[in-house]
Each structure stands twice: as structure tokens, then as C-alpha cells.
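In: predicted structure and sequence below. I'll ask about it afterward.
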Amino acid sequence: MTLQERKYNVRIKFIEWGLIIAGAVIIFISFIWDYLQIIVREGFAGEFLSLPGDQHFYQATVQYQPVNFAWSLFIFGEVLILFSITMMVIRIKKSPMVRQENSRMDANDHVKL
């Protein structure tokens with residue numbers, strides 16, 4: 001039985017979405033890190049939109065073989081995502097169950113003023 005079926009309020013907050021998206025972007029950057037360095041080092045940043053047709057950029061990248069992977073960036077992105085998921089799980093487990101909107105009040109339920 002899922003948390004939603006057990007009437008827990010399962011929603012992802014803005015900060016949790018932000019951490020998940022930031023982590024995903026950082027992980028993506030870890031995969032293209034070497035090519036970003038080529039773009040900056042070789043001065044291609046100013047002509048970024050025309051890079052697909054630039055012969056000099058093509059030559060600089062086609063012969064390039066990555067040596068190292070940006071593990072620190074990758075791990076940082078993973079930590080952000082896992083932290084966000086952990087925050088969400090802890091918050092949901094602490095939250096009270098949401099009462100069904102269509103349920104009737106029992107005889108013992110009463111409104112306090």
C-alpha cells in the first residue's frame with residue numbers, strides 16, 4: 001500500500017524540487033565538464049550558438065580524449081538529490097495523515113470553538 005493510499009499528504013515542496021533539479025544539472029555538467037573547458041580555453045564561448053558549424057571547434061573536440069571524470073561534481077549532484085529525497089521522506093513520515101474529504105464525522109467527532 002502506497003503512502004497516498006494510506007492518506008498521507010505526499011507532495012514535493014519547492015525547495016525539494018530545487019535541490020533535485022540542481023543536482024541533476026550538476027550531474028549533467030560533470031559529464032560535459034571537459035568540453036566546457038575546451039569552449040572556455042579555446043575562446044569559443046562568444047560564438048556558442050554557432051559552434052555546431054565551426055570547423056575549428058570540430059577539430060578541437062573530435063581529437064579530444066577525456067582523461068579524468070569530474071567525480072567531485074558528480075558526487076555533489078548525487079548528494080543534493082539524495083538529501084532532497086531524505087528531507088521529503090522524513091517530512092512525509094512526520095506529517096499527519098490527511099482525512100478523507102468525503103468521510104462523515106463520527107458521533108465522537110465534534111467541532112471545538
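Out: Received it, and whenever you're ready, just let me know what you need. Fair warning: this is a prediction, and the values are worked out from it, not measured in the lab.

In: list the contacts for residue 23?
Out: 76, 77, 78, 79, 80, 81, 84 (C-beta atoms under 8 Å, 6 or more residues apart in numbering). (Each C-beta comes from the backbone N, C-alpha and C, glycine too.)

In: PyMOL command to pick out the buried ones of the residues you listed?
Out: The PyMOL selection below is limited to those of these classed as buried (16 or more other C-beta atoms under 10 Å):
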select buried, resi 77+80+81+84
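
In: identify each buried residue in the lowest-mean-pLDDT helix or strand in the chain, please.
Out: Least confident helix or strand, the chain: helix 55-62 with a mean of 85, by mean pLDDT, DSSP states H and E. Across helix 55-62, burial judged by 16+ other C-beta under 10 Å covers 57, 60, 61.

In: ok, now stretch 82-91?
Out: 84, 88.

In: before we move on, the earlier item: which residues touch the least confident helix or strand of the chain?
Out: 35, 38, 39, 42, 44, 51.

In: repeat that for 7 Å
Out: By C-beta atoms under 7 Å, 6 or more residues apart in numbering, the surrounding residues in contact with helix 55-62 are 35, 38, 42, 44, 51.

In: same question for stretch 68-85.
Out: Taking C-beta under 7 Å, 6+ apart as the rule, stretch 68-85 contacts 16, 19, 20, 22, 23, 24, 26, 27, 29, 30, 33.

In: among the contacts of helix 55-62, find me the one that's closest to residue 5.
Out: residue 35 (45.5 Å; C-beta to C-beta).

In: the closest one belongs to a helix?
Out: Yes - checked against DSSP: H, G, I helix; E, B strand; the rest coil, residue 35 lies within a helix.

In: distance of it relative to residue 80?
Out: Using C-beta to C-beta, to the nearest Å, residue 35 is found at 22 Å from residue 80.

In: ok, residue 48 next?
Out: From residue 48 to residue 80 the distance is 26 Å (C-beta to C-beta).

In: repeat for residue 46
Out: In terms of C-beta to C-beta, residue 46 sits 31 Å off from residue 80.

In: got it, and residue 40?
Out: Distance from residue 40 to residue 80, by C-beta to C-beta: 24 Å.
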